[in-house]
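Engineer: Need a 3D model of the sequence below.
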Amino acid sequence: MLYRSVFTDDAVINYSSAGTVKGTRDEVAEWLGQGFAAKPMSMHYITNIESQVDGHTARVRAMFYNPMQLPGMSEMSYCGGCYHHELVRTLDGWQSRNLREENVWFANSPQDGSDFRARVPRYRAAHRLRRWFVEDSTRQGISR
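Structural biologist: Residues are numbered from 1 along each chain as shown. As a prediction, the model looks like this:
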């Protein structure tokens, strides 16, 4: 699976901010394989990638936007936030040894039954995420 090749053998992957899985590369890959097989549609947009390289290690943060059709849901669901990677340079190139998803918002979640269009119009959600991203970058001392 292509997903596994992104990570070191001992990587820890944490998607718990969205109420899902945290585990090893193989545990999470298995969970994702089962989960995506049940989803009629999912798309990930990855943007605003920032990196800090220090020799053979690096920290990377990238924003994501994920529209999806979840099983049993009549309306589309949407979420967004940031992926935080700790990378290491290996013989196979750069690989992530730690990934933490920071889910900033989730609209029409199966857990809360929220209606995306009534609760968070797209432009407001994008503005909040952009404002949060700039403020968080400033707090962490990351420059663009």
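Engineer: for this protein, what are the low-confidence residue spans?
Structural biologist: Applying pLDDT under 70 to the chain flags the ranges 1, 112-144.
Engineer: and stretch 44-63, which residues are buried?
Structural biologist: 50, 58-61, 63 (16 or more other CB atoms under 10 Å). Glycine gets a C-beta too; all of them are placed from N, C-alpha and C.
Engineer: That should have said stretch 9-21, apologies.
Structural biologist: The neighbour-count check on stretch 9-21 (16+ other CB under 10 Å) flags 11-15, 17-18 as buried.
Engineer: and the two most separated of these?
Structural biologist: 11 and 18 (18.1 Å; CB to CB).
Engineer: And the helices in this protein, which stretches?
Structural biologist: For the chain, the helices defined by DSSP state H cover 2-5, 25-38, 116-119, 122-140.
Engineer: Next step: the buried residues of stretch 44-63 restricted to strands.
Structural biologist: Using DSSP state E, the members of the buried residues of stretch 44-63 that fall in strands are 50, 58-61, 63.
Engineer: Including distance to residue 85, could those go into a markdown table?
Structural biologist: Output for those, formatted as a markdown table (distance: CB to CB, whole Å):
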| residue | distance to residue 85 |
| --- | --- |
| 50 | 11 |
| 58 | 8 |
| 59 | 7 |
| 60 | 4 |
| 61 | 8 |
| 63 | 13 |
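Engineer: Which residues does residue 47 form beta bridges with?
Structural biologist: Bridge pairing for residue 47 (DSSP bridges) gives the partners residue 63.
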